[in-house]
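[1] the sequence and its predicted three-dimensional model are supplied below.
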Amino acid sequence: MTDMLPPGATIGILGGGQLGRMLAMAAARLGYRCHIYEPGAAPAADVAHAWTKAPYEDLDALRAFAQTCDLITYEFENIPAPSLDVLAETTPLFPDRRALETSQDRLTEKSFLAGLGLATAPFAPVDTAADLPTALATTCTPAILKTRRFGYDGKGQARVMTPDEAEAALATLQGAPAIAEGFVRFSREISVIAARGRDGTVAAYDPGENVHRDGILATTTVPAPLPLLQRTDAVLIASRILNALDYVGVMGVELFVTPQGLVVNEIAPRVHNSGHWTQAGCAVDQFEQHIRAIAGWPLGNGERHANVVMENLIGDDVTRAPALAAEPGVQVHLYGKAETRPGRKMGHVNRVTGPA
Ligand code: AMP
């Protein structure tokens with residue numbers, strides 16, 4: 001076992017949203033303090049020791065932040081690479097820069113996955129409209145154009161049903177460098193949440209089935225209704241990815257289930273919304289698992305003791321929280337966000353539906 005971060009040490013978290021909040025609570029349980037770095041509103045700061053409110057490009061603020069931290073992690077992947085370099089001058093960063101850079105850019109990410117021999121949608125870069133004919137020859141139509149960077153919850157995407165729609169679809173991405181992806185005809189979307197420790201140990205949770213509404217995750221159900229062989233396959237794919245990146249921490253791997261097998265959609269180098277079910281389904285949830293991994297603790301084994309349905313509370317859904325809390329077997333998590341807005345993740349519930 002590598003050196004364990006001693007109790008009382010400070011973990012820096014880049015990003016102050018609900019993922020940072022739940023990480024900070026898990027870190028506190030293991031005896032750590034957290035310092036949040038977040039330029040905007042920070043529900044994580046409500047449960048942390050300190051908060052630096054500064055832009056991700058403010059190198060002086062980043063340096064001062066890093067000085068106060070024994071190690072640094074993130075809950076948000078759109079951090080500029082030069083900022084990471086400044087942090088890493090003084091303080092260990094987990095997951096490392098390579099993991100972040102691989103997942104920040106869809107072209108780098110897809111090339112990395114394909115390079116491991118994993119199945120992905122056919123893809124090609126689209127920098128300008130002149131690239132469209134070649135790209136669509138690779139992907140065929142229907143296809144999806146996606147911005148290479150800064151996409152989330154289905155934003156920065158445009159469907160192309162026929163080649164003559166392609167230019168107009170690309171124009172909606174407002175000149176951002178993009179990739180074209182062939183449309184995958186999937187029967188289900190699943191994800192695997194997996195962790196790798198500083199000593200290289202890997203532990204994965206059971207795959208969950210994800211259902212999206214308006215491009216936003218609505219529910220995750222475990223177990224995903226898959227044959228055992230495919231559940232194992234999903235876990236093996238996640239392990240391959242973690243090992244190839246020499247990764248430290250928790251990662252979310254999103255996959256499509258197709259008649260030809262599993263197709264990797266994307267990876268997130270952080271705790272993931274589709275892993276919230278672990279709070280009610282496992283002895284060690286994804287947040288504690290991430291803190292254990294980065295702080296050099298033994299990992300939880302990922303075993304699931306319950307069947308769970310996680311439901312996000314989006315926008316006004318949050319008003320249902322008291323009624324949901326009255327139902328047996330329902331665990332309520334609210335993120336402490338001051339303002340309710342349509343499409344905003346306000347909380348989630350984990351409903352235990354039976355023993356595993
Ligand atoms: P993403 O931001 O890449 O996770 O895409 C958001 C959602 O769009 C996914 O969860 C899928 O439902 C859908 N999607 C993304 N890429 C593809 C694809 N290549 N083929 C079919 N559906 C896709």
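    Received, thanks.
[2] report the distance from stretch 266-282 to the chain centre.
    Put simply, stretch 266-282 sits 7 Å off its chain's centre (C-alpha atoms, centre = their mean, to the nearest Å).
[3] quick one: contacts for residue 74?
    Residues in contact with residue 74, defined by C-beta atoms under 8 Å, 6 or more residues apart in numbering, are 13, 14, 15, 95, 100, 269, 270. The C-beta positions use only the backbone N, C-alpha and C, and glycine is treated the same way.
[4] tell me the buried residues in stretch 203-211?
    203, 204, 205, 206, 207, 208, 209, 210 (16 or more other C-beta atoms under 10 Å).
[5] repeat that for stretch 79-97.
    By neighbour count on 16+ other C-beta under 10 Å, the buried set for stretch 79-97 is 79, 83, 84, 86, 87, 91, 92, 93, 94, 95, 96.
[6] most widely separated two among the residues you listed?
    By the measure C-beta to C-beta, 86 and 95 form the most distant pair in the buried residues of stretch 79-97, at 17.1 Å.
[7] so which elements touch the one helix or strand residue 132 maps to?
    Using DSSP states H and E, residue 132 sits within helix 132-139. Applying 3 or more C-beta pairs under 8 Å, 6 or more residues apart in numbering; DSSP states H and E, one finds that helix 132-139 contacts strand 123-126, helix 166-171, strand 178-182.
[8] which of the ones you listed sits most buried?
    strand 178-182 (a mean of 25; mean count of other C-beta atoms under 10 Å).
[9] contacts for that one, please.
    106-107, 110, 121-127, 132, 135-136, 138-140, 143-148, 160, 170.
[10] that older thread, following the chain onward from the helix holding residue 132, which element is next?
    Counting by DSSP H and E, the next helix or strand C-terminal to helix 132-139 is strand 143-147.
[11] give me the angle between that following strand and helix 132-139.
    Regarding strand 143-147 and helix 132-139, their directions subtend 120 degrees when assessed with axes from the mean of the first three to the mean of the last three C-alpha atoms, to 10 degrees.
[12] okay, now the sheet partners of strand 143-147, with direction.
    strand 157-160 (antiparallel), strand 178-182 (antiparallel) (DSSP bridges).
[13] of the ones you listed, which is nearest the ligand?
    Relative to the ligand, the nearest member of the strands paired with strand 143-147 by C-beta to the nearest ligand atom is strand 178-182, separated by 4.0 Å.
[14] same question for that closest one, mean pLDDT?
    Averaged over strand 178-182, pLDDT sits at 97.
[15] tell me which other helices or strands the helix or strand where residue 192 lies touches.
    For residue 192, the host element (DSSP H and E) is strand 188-196. Using 3+ C-beta pairs under 8 Å, 6+ apart, the elements in contact with strand 188-196 are strand 202-204, strand 208-213, helix 228-244, strand 249-258, helix 286-295.
[16] is the ligand contacted by it?
    Yes: using C-beta under 6 Å from any ligand atom, strand 188-196 reaches the ligand at residue 189.
[17] what is the mean pLDDT for that strand?
    For strand 188-196, mean pLDDT is 98.
[18] just stretch 55-67 next, same as before
    97.
[19] buried residues in it?
    Those would be 56, 58, 59, 61, 62, 65, 66, for stretch 55-67 by 16+ other C-beta under 10 Å.
[20] a markdown table for the strands paired with strand 143-147, including distance to residue 42?
    Shown next, in a markdown table, are the strands paired with strand 143-147 (distance: least, C-beta to C-beta, whole Å):
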| stretch | distance to residue 42 |
| --- | --- |
| strand 157-160 | 28 |
| strand 178-182 | 31 |
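[21] for residue 279, which of these is the nearest?
    Among those, strand 157-160 comes nearest to residue 279, with 29.6 Å by C-beta to C-beta.
[22] okay, buried residues for the closest one please.
    Those would be 157, 158, 160, for strand 157-160 by 16+ other C-beta under 10 Å.
[23] out of the contacts of strand 178-182, which are buried?
    106-107, 110, 121-126, 132, 135-136, 139, 143-148, 160, 170.
[24] what residues does this protein have near the ligand?
    Near the ligand, when you scan the chain using C-beta under 6 Å from any ligand atom, you find 121, 144, 151, 154, 181, 183, 184, 189, 212, 254, 265, 266.
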